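need coordinates for the following:
(chains A, B, C and D)
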Number of protein chains: 2
Amino acid sequence: MNEGARLYAVLQRIRPVHELSARAVGAALEGTDLTVPLRAVLERLHDDGPQTVPSIARRLYVTRQGVQTLVDRARELGLVQTRPNPEHRRSHLVALTPRGEETFTTLHAAETDRLVTVARGLDPADVAACVRVLDHLVTRLEELITTTERNDP
Amino acid sequence: MNEGARLYAVLQRIRPVHELSARAVGAALEGTDLTVPLRAVLERLHDDGPQTVPSIARRLYVTRQGVQTLVDRARELGLVQTRPNPEHRRSHLVALTPRGEETFTTLHAAETDRLVTVARGLDPADVAACVRVLDHLVTRLEELITTTERNDP
DNA sequence: GAAGACTTGACAACTCACTTGTCATTCTGA
DNA sequence: TCAGAATGACAAGTGAGTTGTCAAGTCTTC
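Okay, here's the model as predicted:
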């Protein structure tokens, strides 16, 4: 078994984990006005600060059009606000409102609480290693895709 | 930072990796009659052998209705065949045809080949640890979901 | 500083994976 | 044996995300 096959074992498990975690996150959002993708936008704003719609889209690996819809909805819900962007006249910065900040922080705290149970029995060193591998994968897969799509179309 | 927060770092990376790997797999499927979900069905049949539609669905964490559609399409393409199930009169077993077997094997070999490049610079021990963590996550998240949805609806 | 290439906002149509719902048939287990 | 669960088959719906387009703004390069 070579390194490719070993790494394949990781990718094989990504889909189930993604499916299940999305379901778990979605269940926690039940009853609120939030959805999983909307939550993802709030997370990006929380972690990386105010930024433009295309910037969020790039970090989430989706199109800016999709993010625009989410941001519009978040603004209707009073969770984000747009403010002038000194670097671009039309492309406003999107930022969390105090209410958006609080909503996400509360939600996130509840999530990590539940994760403590899930983490039981897991070696912290393994978790750290897993993060390293996933970061590596993001970087390399992104390279792989951008290089192949430069040749294809 | 507690174990919950540490594990959250893993989940935060699942979505990007899923997105990017799905895109990479999809790009490789371009020009063929296969799609990513159809490929997933073939993989299950290849790895776990002949089984019924609901069985595939459970392993993929999707509904049997969705898998039924995929199996129908795979049968039209001559990649799978149904055969009588000694344990159930209506619920046939789905199995790869020789052509389906060959299609998947070829595809999979090409994928692991490309993964060798991606794996470069990665510690094999880290990869193994990552697999352990992901397996743990699948088990625990599944428990988490089934217990919560037993109380909810 | 002007021309061309790229980015962004805005609106629209569309695709695809997956769900939910239903009913008849088959299986399982107390 | 009989109620409850699983399955096939068909149908409709949902939601996340894409593709396309055009005008307005920004960047690059000469």
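
quick one, what contacts residue A:89?
Contact criterion C-beta atoms under 8 Å, 6 or more residues apart in numbering or on different chains gives no residues in contact with residue A:89. Every residue, glycine included, has its C-beta placed from N, CA and C.

tell me where chain A has strands.
Secondary structure of chain A by DSSP state E: the strands cover A:80-85, A:88-96.

residue B:24 is nearest to which of these?
Taking C-beta to C-beta, strand A:88-96 is the member of these nearest to residue B:24, at 29.3 Å.

just give the nearest non-adjacent residue to the residue nearest the centre of chain A, would you?
Centrality entry for chain A: nearest residue to the mean C-alpha point is residue A:40, 4.5 Å, by C-alpha atoms, centre = their mean. Counting by C-beta to C-beta, 6 or more residues apart in numbering or on different chains, residue A:40 lies nearest to residue A:60, which is 6.0 Å off, once chain neighbours are set aside.

quickly note the distance from that neighbour to residue A:104.
Plainly put, residue A:60 is 15 Å away from residue A:104 if you go by C-beta to C-beta, to the nearest Å.

and residue A:96, by the same measure?
According to C-beta to C-beta, residue A:96 stands 7 Å off from residue A:104.

and what of residue A:21?
17 Å.

looking at those two, which is more packed in?
Set side by side, residue A:21 and residue A:104 give different neighbour counts by other C-beta atoms under 10 Å in any protein chain shown, the larger being at residue A:21 (25 against 20).

quick one: contacts for that one?
Residue A:21 touches B:11, B:14, B:137, B:141, counting by C-beta under 8 Å, 6+ apart.

now intersect these with the helices, please.
With helices identified by DSSP state H, the entries of those that belong to them are B:11, B:14, B:137, B:141.

what's the most distant pair in those?
Greatest spatial distance among the ones in helices among the contacts of residue A:21 (C-beta to C-beta): B:14 and B:141, at 10.6 Å.

list residues touching both of those two?
By C-beta under 8 Å, 6+ apart, the residues touching both residue B:14 and residue B:141 are A:17, A:21.

anything in contact with each of residue A:96 and residue A:104?
Shared contacts of residue A:96 and residue A:104, defined by C-beta under 8 Å, 6+ apart, comprise A:42, A:46, A:79.

which bits of chain A sit near DNA strand C?
Listed as neighbours of DNA strand C in chain A under the rule C-beta under 7 Å from any atom of the strand: A:52, A:53, A:54, A:55, A:64, A:65, A:68, A:88, A:90, A:91, A:92.

and for the spatially closest residue to residue A:54 that is not a sequence neighbour, the neighbour number?
For residue A:54, the nearest residue in space outside its immediate sequence neighbours is residue A:64; the separation is 4.4 Å by C-beta to C-beta, 6+ apart. Here the neighbour count serves as a burial measure; for residue A:64 (other C-beta under 10 Å) it reads 16.

so where's chain A shaky on pLDDT?
Using pLDDT under 70 as the threshold, the predicted model of chain A has low-confidence ranges A:149-153.

repeat the analysis, applying 80 as the threshold.
A:1, A:147-153 (pLDDT under 80).

can you pull the domain assignment for it?
Residue ranges of the domains in chain A are recorded as A:14-119, A:121-153, according to automatic domain parsing.

tell me which of these sits nearest to DNA strand D.
Shortest distance between DNA strand D and the domains of chain A, using C-beta to the nearest atom of the strand, is found for domain A:14-119: 3.2 Å.

what does chain A put close to DNA strand D?
Selection of chain A residues close to DNA strand D by C-beta under 7 Å from any atom of the strand yields A:35-37, A:61-63, A:65-66, A:87-91.

skip the chain neighbours and tell me the closest residue to residue A:45.
Ranked by C-beta to C-beta, 6+ apart and with sequence neighbours excluded, the top spatial neighbour of residue A:45 is residue A:96, at 4.9 Å.

tell me the bridge partners for the one you found.
The residues paired with residue A:96 through beta bridges, assigned by DSSP bridges, are residue A:80.
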